[in-house]
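In: Sequence and predicted model, in that order:
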Amino acid sequence: MYMFVKSTMDHSQWLQQSLQAMIANNPHLFLQMLQQNQTPPASSSNTPVPISQLPPFPFASGPNIAPLPASSNPTVTSAAPNSTPLSVAPNPTPLSIAPNPTPLSIVPNPMPLLAPPTPVPSSAAADLPGALTNLAPSTTMSSALSQSQAIQPISTYVSPVSMLSSVTTRSHNSGQSQPSSSTSSSFPSSITAIQHANRDRLEHAASTLHQTPAVSKKKRGSGKKPPRLYPVVVQPKVEDAVVTANDGTQVVSLVVLVYPPRLTPDQCNAYGLPVELHHYLQNSDAFQTVLESLNLLYRFDNLSLNTKVVDLLESLHSSLVHHGWIFPENQDTSSFFNRYERLAIQLLRFSGKGNTNNNAKTPRLITGKVESADMTLHQIVFDTNNYGIAKFVITNTKKFILHTIIRSTNVALDINLAEKGLGSDNTTRRHFCLSKRIFGIFRSDTDAFVDEGYSALDEDEIELGCSNDDSQHEDEDVGVVARMLNDDTETLPQSIIQNIGSNSPLSLTNTLTDNNETDATEILWETNWVPDQEIDEDDSFYVHDRSKLFKIVNNRIQVVTETEPRGFLVKGENPQKMLTVYSALVQRAIDEEDFSVLLSQNRHFTLIAFDDDGAEIYVTSGPGVEKEVINLFLKATFDSHIHDYLIEVIEDYMTLSTVPMSSTADLSAAKKNDLTLFGAAVGLSLIYGIYPGKINPLLLVYLLNSSNLKSLTKPLVLEMFPDLHRTLTRWIALDHTNNDLAYFQPHFATFHNASVSALHNRSDRHHRSLAWTMLHNAIVGPVATDHPYFKAFVQGFLLPCKPIDFNLSKIAAFCVGGASEFVMSLLDSRITGDYDDLRLGFTDRTCAATQTALHDAYEAVPGWSGLGFPDIFKEFLEGSGLPCPSLMTEIQGRFDDVVTLDGASEKGYRMRMFCWAATGVPHILIDGLPIEVILVDDNDPMYFSIQSHRGDERARLLNHGTISFKTCTRIMHVPASYLLKLLSASDNSGSEPRNIKDSIFHWFLVQILSGIGSYNVV
């Protein structure tokens, strides 16, 4: 290998300056270059320079530096004729083999010495040494060079002079394969020599250069904090809620949350509720508001920490009982459990020190333990692991939140769910399902139904709680029914029935006699009639809240008898079987002359089924099922016997049909029982807000007011019978001496079976008394209410309650407006064919795509352009007849036995059937919520009940276009997909249905009739 040096300056000068600069500026780079077998820069001159002519190397001799031997005087000789000179390029690259080989060079930042070779063109091969022309394209240089030509790796430090001497020696002995000789030592020692040199340089500089005195660095102070737009959050402490009084007593202000009874794991799984209890953070205000509305939240200010926990929990129990919560009686007074172990209210403590490591990210609560009867609040408040976790229980007002829970699962409360925001039932009655509703809405806090509220719950399923679905309590309810049906040994007080008969003979040959009800000398309607019964405002109720009358009866029973009113349970596989059970209860009440059980708040109607093993399965329960059973009872006992016991008297209104008094001396027990049962059916229909057929409403007002004709006031008669009002007004204004009575002939011929000629030359007293007779005969009939038929009918109609001397007459008096309002308001429940009488609401819960598709489909139907679903459904309800008579006849057998197509051509038939399917009765319910018609998509969760969330079942029902009815909540769900399917069909003039409109109306009618008679919850 040869090296040629080219330079315009003196060779020795250049080499000395270059090496000095390199060693002074970057000695480490120089050492690294030597370690990678690279050499210092050389002159580009082609003239060989003898080593002896180079200046001395500027290194001091040391233990690790080899000086140049005195006898060594190598020179750089000329290169071979065909060799490529070794030169230094401006931007040197590592040594590599390339088609045009570049000279060996030294780079400032060393790169690997060897690189993969590339093929050498034949034209360039002649310029390479012989040993290099035989290299394969992928052969590295280290493997291709011969032993004499290979560059030996340098692992130790080599002095520059020795290196140059080695290069020169190789140049002279290139053909003799002699290795280079150099004096070397270990690398670490070389580094130490450089460090010594640097240290000597620094010491020399420190001793000769001017020294600047050190300046002490000023200590950095704390910076000024920028202003905040929010207050500094200070973590609360338990001590914040504890206050020390002047006498040294420590007190605390408590907020006690009483959780409703927890549900069993099976119940939680059945209703999709969380199994664990939670301390609500995100919805804490709403949760506390609900508890406070149910009297489950209590505040105690400045309560001593020495207060015993047992006393506090017993005080909570007493407060709950005072506010109407009903707990099971604890009859085991000799229990071996301690007092603090039998508390009705239990403590709740935090689980896992309140760590929110659950999916809900909400602190969990578990049942705590009262350690002893002497346990105090101090132990609770300062237990920072279980109760006193400050960040959860210390409020902004420095109050301490204590969690408790009702231990028994069999507790109930008489409430109106709609008023409390926990359900749609707008009646006040006893509920056992509050835990399901509260925990069903708030769930695990973060997944609470904030927007949906109780509408997200399946109320039909939850009604099971109102029937006390625990198996033990179910057996108790069944036992109640069994005792009511079979216990003949039970003795009850005799019924007290008021004497409601009238002593007034009603024939034209007699006059009304003076009695405590009516003075025959008094002019009709001369004075205003006011009931003499005193009403407590707390017990009054409005006609739309008939459920309160059950509460009135129960409160009276509790006050008089000091016992809990008896209740009953009606269970059956279908409404017909439930009707059998209920009819037996009514008959028992007739026999005992005591309807207090039937008017109990503790009423439960449950539809059940049986699996293949014969085990009972709960289906549904609630007010919808109850109304359906009551409607079937009225149909069986009233509608089916209207013409047997009633007769038309005035304007198609009916009164009791009677026979002459002389033929009733031996009234049979069976006949009397039938009339009493008929009267009970009329009374129960008023209780449930259903108008009883065409019976005269003024007759009912008269009977409810102890058969006092004064209760039939002038405005009341004018409202119902304007013609009768006109006749009576003229008679009152007529002088008794006037015998021109032609105007009154139709009245006397119709209601008195007499001619007006018999009234000539009457007295003034007789004239006045005839006005009362004319009113009585037109409303009541030709006989007095002391007739045996009337007495038997009224005995059942008044629904007497033996234990408390109470009946329907006194119940009606509690209605705001009196008995007349109690009865007359029910006229609005009749369906006369006027669409405006229906209380309907429409909701479109479909997506935007479905709404657009329906709109386009309506536009394609003749006569429906610009209409929406409410308009189309209104057109259906206002129509009459069968859209597809032949198809309806073919499928008529699939409907329940109570469904009949008689009257389908009458206006109002479709409305009655629709109300029957949606509410359980073929009437307009004046109490509670209106009927809600909802258009839904296939994936709407409210279309299906909880127990039917099976994909195959959903698909089957949607494929058949099943419309779901929920009578308890009065909701009708219409699948929009099936409506679109019918709208997209083509007209078929050859067979039924003939057109799209007929097909849709036929679908509506079939689904409505299918929902009658069986409780339809899809």
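Out: Yep, it's here. Model, not experiment: these values are computed from the prediction.
In: where do the strands sit along the stretch 151-300 of the chain?
Out: 157-158, 184-185, 242-244, 250-259, 277-278, 297-304 (DSSP state E, counting those that start in this stretch).
In: how about these, which one is nearest residue 848?
Out: Closest approach to residue 848 among the strands of the stretch 151-300 of the chain (Cβ to Cβ): strand 277-278, 36.3 Å. Bear in mind the C-beta positions are built from the backbone N, C-alpha and C, glycine included.
In: Show me where the stretch 751-900 of the chain dips below the pLDDT cut-off.
Out: Under the criterion of pLDDT under 70, none of the stretch 751-900 of the chain is flagged as low confidence.
In: Tell me where the stretch 401-550 of the chain has strands.
Out: Under DSSP E, counting those that start in this stretch, the stretch 401-550 of the chain gives strands at 413-416, 428-431.
In: May I see the buried residues of the strand or helix carrying residue 748?
Out: For residue 748, the host element (DSSP states H and E) is helix 745-751. Neighbour-count burial for helix 745-751 flags 747-748, 751 (criterion: 16 or more other Cβ atoms under 10 Å).
In: any chance of these in a markdown table, plus distance to residue 601?
Out: Output for those, formatted as a markdown table (distance: Cβ to Cβ, whole Å):
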| residue | distance to residue 601 |
| --- | --- |
| 747 | 47 |
| 748 | 50 |
| 751 | 43 |
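In: any idea which of those is closest to residue 259?
Out: residue 751 (65.7 Å).
In: Now do the closest one against residue 778, distance only.
Out: The gap separating residue 751 from residue 778 is 5 Å, by Cβ to Cβ, to the nearest Å.
In: got any residues that touch both of those two?
Out: Residues touching both residue 751 and residue 778 by Cβ atoms under 8 Å, 6 or more residues apart in numbering: 649-650.
In: isn't residue 705 right up against residue 698?
Out: No: in this structure, residue 705 is not within contact of residue 698 by Cβ atoms under 8 Å, at 10.5 Å.
In: More neighbours: which of those two?
Out: residue 698 (27 against 23; other Cβ atoms under 10 Å).
In: Now tabulate the strands of the stretch 151-300 of the chain in JSON lines and tack on mean pLDDT, distance to residue 350 and mean neighbour count.
Out: What follows is those, written out as JSON lines (pLDDT from 0 to 100; distance: least, Cβ to Cβ, whole Å; neighbours: other Cβ atoms under 10 Å):
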{"stretch": "strand 157-158", "mean pLDDT": "44", "distance to residue 350": "72", "mean neighbour count": "24"}
{"stretch": "strand 184-185", "mean pLDDT": "44", "distance to residue 350": "74", "mean neighbour count": "16"}
{"stretch": "strand 242-244", "mean pLDDT": "88", "distance to residue 350": "19", "mean neighbour count": "14"}
{"stretch": "strand 250-259", "mean pLDDT": "92", "distance to residue 350": "13", "mean neighbour count": "20"}
{"stretch": "strand 277-278", "mean pLDDT": "90", "distance to residue 350": "10", "mean neighbour count": "22"}
{"stretch": "strand 297-304", "mean pLDDT": "89", "distance to residue 350": "19", "mean neighbour count": "14"}
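In: I'd like to know which of those strands is closest to residue 194.
Out: Once those are compared by Cβ to Cβ, strand 157-158 is nearest, at 9.7 Å.
In: With just CA atoms, put the helix holding residue 748 into CSV.
Out: The C-alpha coordinates for helix 745-751 follow below in CSV (Å, rounded to 0.1, in the frame of the first residue of the first chain):
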residue,chain,number,x,y,z
GLN,A,745,-151.8,14.9,29.6
PRO,A,746,-148.8,13.1,28.0
HIS,A,747,-146.9,13.1,31.3
PHE,A,748,-149.7,11.7,33.4
ALA,A,749,-150.6,9.1,30.8
THR,A,750,-146.9,7.9,30.6
PHE,A,751,-145.8,8.0,34.2
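In: quick one: contacts of it?
Out: By Cβ under 8 Å, 6+ apart, the list of residues contacting helix 745-751 reads 508, 649-650, 724, 727, 754-756, 759, 774, 777-778, 782.
In: mind redoing it with 6 Å?
Out: 727, 754, 756, 777-778 (Cβ atoms under 6 Å, 6 or more residues apart in numbering).
In: after that helix comes which helix or strand?
Out: That would be, after helix 745-751 and using DSSP H and E, helix 764-779.
In: just checking, next helix/strand downstream of that next one?
Out: Downstream of helix 764-779 (by DSSP H and E), the next one is helix 788-797.
In: helices or strands next to that following helix in the packing?
Out: Applying 3 or more Cβ pairs under 6 Å, 6 or more residues apart in numbering; DSSP states H and E, one finds that helix 788-797 contacts strand 653-656, helix 669-687.
In: Can you say which of the ones you listed is nearest to residue 764?
Out: Using Cβ to Cβ, the helices and strands packed on helix 788-797 put strand 653-656 closest to residue 764, at 30.0 Å.
In: Show me what the closest one is packed up against.
Out: For strand 653-656, the packing partners by 3+ Cβ pairs under 6 Å, 6+ apart are strand 646-650, helix 788-797.
In: so which of those comes closest to residue 997?
Out: strand 646-650 (39.2 Å).
In: Using CSV, write out every CA atom in stretch 700-718.
Out: Presented in CSV, the C-alpha positions along stretch 700-718 are these (Å, rounded to 0.1, in the frame of the first residue of the first chain):
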residue,chain,number,x,y,z
LEU,A,700,-128.7,6.3,41.6
VAL,A,701,-128.4,9.9,43.0
TYR,A,702,-131.7,9.4,44.7
LEU,A,703,-130.8,6.1,46.3
LEU,A,704,-127.4,7.4,47.4
ASN,A,705,-129.1,10.3,49.2
SER,A,706,-131.3,8.0,51.3
SER,A,707,-134.2,8.2,48.9
ASN,A,708,-134.7,11.9,49.4
LEU,A,709,-136.5,13.6,46.5
LYS,A,710,-134.9,16.9,47.5
SER,A,711,-131.6,15.6,46.2
LEU,A,712,-133.0,15.7,42.7
THR,A,713,-132.4,19.4,42.4
LYS,A,714,-133.7,21.6,39.6
PRO,A,715,-130.3,22.0,37.9
LEU,A,716,-129.8,18.3,38.0
VAL,A,717,-133.2,17.6,36.3
LEU,A,718,-132.6,20.3,33.8
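In: circling back: most tightly packed of the helices and strands packed on helix 788-797?
Out: Highest mean neighbour count among the helices and strands packed on helix 788-797 (mean count of other Cβ atoms under 10 Å): strand 653-656, with a mean of 22.
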